[in-house]
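Student: here is the input, now give the coordinates:
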Amino acid sequence: MTALETTTPGARFRRRPYTHHNRLAAAVVLVNLALLGADPADMVVANLTLAVLIRQQLVINLLFTLATSAPTSWPLKVRWTLGKVYHFGGLHVGAAVCATAWFAVLAWTTADPLAWTILAVLVGMIVFALPALRARRHDLFERTHRFAGWTSLVLFAAHAAAQPGFVGSTHFWLLLAVVTSVALPWLRLRKVPVRIVRPSRHVALVSFDYGVTPFAGSSTAVSRSPLLEWHSFANVPTPGRTGFRLTISRAGDWTGSLIDDLPTHLWVKGIPTAGVGNIDKLFTRVVWVATGSGIGPCLPHLLSGDTPSRLVWSTRDPRATYGDDLVDEIEAVQPDAIVWDTNRDGKPDLVELALRAHREFAAEAVICISNKKTTWHVVESLEARGVPAFGAIWDS
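Tutor: Residues are numbered from 1 along each chain as shown. A predicted model of the protein is given here:
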């Protein structure tokens, strides 16, 4: 039986391209198609508002709170679906594309040079956000999305303000909500001290204690150049202590320079934001599958013990790479963990290890924290076998 062999009815619809992310994007498009006779200006504002607000940190945390409030007594299929809450980015994609399409209609009917300028900016943002280009040049995507997004908001406000009766209208209040949503994280921008331990040339353990103790399953965005580049990492709070840690591995120029330079301060903005790991509370028992520094997002859940869990961790020489202190901390709370040393034992079959742990631990779900290729492989392989599985989808 191959890893992706379908063994449960409807399993093919749990794989790409039928992800919940894409289903949500398609749903937004279908709603817009059903409203083809609507006022283009109204549809632009409605879609723009959805596209922006669904990415707002407070809204994201609210979505996770609502989705994970379901009791574990609910049917597993229902909780399996609720666990896919982190696919909410499909709403962003669908609404952004539809806002641009409606604005193209508006620009065509008004023949306003400012409208055509805004349309060009919106189209440019979509082009640079295409998955293949975004993956190859994520830094370019991030800067384009940020600066073009700000530019489009300014131009859109100027365009809307020129319309009679704009101030005090529904469009006015929705645009104000959008601008506020974009501005809020930046109002919390600050440069904070950090303490960095480098157990090896591969990884840095970054400690923060600036008055914020985040919840397990959340992430924090950090930067060394706040206008140019931001990177989000899973928070690792320790029960009974203030502050938190980040586990950062060498995975590119930015992480490499941080590990080499060991800066004393980093920029942070916004608030801790819920991520995929937050859905563990939907289940009675969970298996965590991690590779390398993917152990970081798992660690706060293992330490808190709120949801009984079993760890499967594949990494090269864990003690030499991550240090005795971190490994001892993990083993203290996970004495039965499967820790696979790739230097000693070679590349593991993570799907089979996850299935074994899932069966022996009588778990309800598996959460995989790894690189993109491995995460998709593990999640899709397990779900083809009828095991609820979750992992990041790299949609931002």
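Student: what separation do you get for Val97 and Val379?
Tutor: Val97 sits 25 Å away from Val379 when distances are taken as C-beta to C-beta, to the nearest Å. Heads up, the C-betas are built off the backbone N, CA and C, glycines and all.
Student: touching, Ala96 and Ile54? I think so.
Tutor: No: applying C-beta atoms under 8 Å, one finds Ala96 not in contact with Ile54, separated by 9.8 Å.
Student: distance check, the most centrally placed residue in the chain against Asp345.
Tutor: The chain has Gly275 as the residue nearest its centroid, 5.6 Å off, counting by C-alpha atoms, centre = their mean. According to C-beta to C-beta, Gly275 and Asp345 sit 30 Å apart.
Student: excluding its backbone neighbours, what's nearest Leu282?
Tutor: For Leu282, the nearest residue in space outside its immediate sequence neighbours is Arg79; the separation is 4.5 Å by C-beta to C-beta, 6 or more residues apart in numbering.
Student: what do you get for Phe141?
Tutor: The spatially closest residue to Phe141, leaving aside those adjacent along the chain, is Arg134, at 4.3 Å (C-beta to C-beta, 6+ apart).
Student: would you confirm that the one you found contacts Arg143?
Tutor: No: here Arg134 lies out of contact with Arg143, judged by C-beta under 8 Å, at a distance of 11.9 Å.
Student: more neighbours: the two, which one.
Tutor: Neighbour totals were compared for Arg134 and Arg143, and Arg134 leads with 18 against 15 (other C-beta atoms under 10 Å).
Student: next secondary structure element downstream of the helix or strand containing that one?
Tutor: Taking DSSP states H and E as the criterion, Arg134 maps to helix 131-136. Moving toward the C-terminus from helix 131-136, the next helix or strand (DSSP H and E) is helix 138-161.
Student: counting contacts, what elements does that next one pack onto?
Tutor: Here helix 138-161 is seen to pack against helix 113-128, helix 131-136, helix 170-187, strand 229-234 when contacts are counted using 3 or more C-beta pairs under 8 Å, 6 or more residues apart in numbering; DSSP states H and E.
Student: make JSON lines out of those and add distance to Val206.
Tutor: Shown next, in JSON lines, are the helices and strands packed on helix 138-161 (distance: least, C-beta to C-beta, whole Å):
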{"stretch": "helix 113-128", "distance to Val206": "29"}
{"stretch": "helix 131-136", "distance to Val206": "25"}
{"stretch": "helix 170-187", "distance to Val206": "20"}
{"stretch": "strand 229-234", "distance to Val206": "8"}
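Student: ok, and the closest non-adjacent residue to Thr247?
Tutor: The shortest distance from Thr247 to any residue that is not its chain neighbour, by C-beta to C-beta, 6+ apart, is 3.0 Å, and that residue is Gly296.
Student: my guess is that neighbour meets Pro237, correct?
Tutor: No: checked against C-beta under 8 Å, the pair Gly296 and Pro237 is beyond contact range at 11.6 Å.
Student: spit out the residues that contact those two alike.
Tutor: Taking C-beta atoms under 8 Å, 6 or more residues apart in numbering as the contact criterion, the common neighbours of Gly296 and Pro237 are Arg245.
Student: still on that earlier bit, how close does the residue nearest to Phe141 sit to Phe147?
Tutor: Taking C-beta to C-beta as the measure, Arg134 falls 16 Å from Phe147.
Student: what is the least confident helix or strand in this structure?
Tutor: Confidence across the helices and strands of the chain bottoms out at helix 131-136, with a mean of 87, counting by mean pLDDT, DSSP states H and E.
Student: just the CA trace of it, in CSV.
Tutor: As requested, the backbone C-alpha atoms of helix 131-136 are provided in CSV (Å, rounded to 0.1, in the frame of the first residue of the first chain):
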residue,chain,number,x,y,z
PRO,A,131,2.2,30.5,-4.9
ALA,A,132,5.2,29.6,-7.2
LEU,A,133,6.6,33.2,-7.2
ARG,A,134,5.9,33.7,-3.5
ALA,A,135,7.8,30.5,-2.7
ARG,A,136,10.8,31.5,-4.8
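Student: from the contact counts, what lies against that helix?
Tutor: helix 138-161.
Student: next, the buried residues of the helix it packs on.
Tutor: Taking 16 or more other C-beta atoms under 10 Å as the basis for neighbour counts, the residues of helix 138-161 that come out buried are 141-142, 144-146, 148-149, 152-153, 155-157, 159-160.
Student: again, but for stretch 275-287
Tutor: Taking 16+ other C-beta under 10 Å as the neighbour-count basis, stretch 275-287 is seen to contain the buried residues 275-283, 285-287.
Student: in strands, which of these fall?
Tutor: Secondary structure from DSSP state E places 286-287 of the buried residues of stretch 275-287 in strands.
Student: and the residue located most distally from the centre of the chain, how far is that from His171?
Tutor: Computed with C-alpha atoms, centre = their mean, the residue of the chain farthest from its C-alpha average is Pro164, at 40.1 Å. Taking C-beta to C-beta as the measure, Pro164 falls 12 Å from His171.
Student: repeat that for Arg55.
Tutor: Look at Arg55 and His171: by C-beta to C-beta, they are 20 Å apart.
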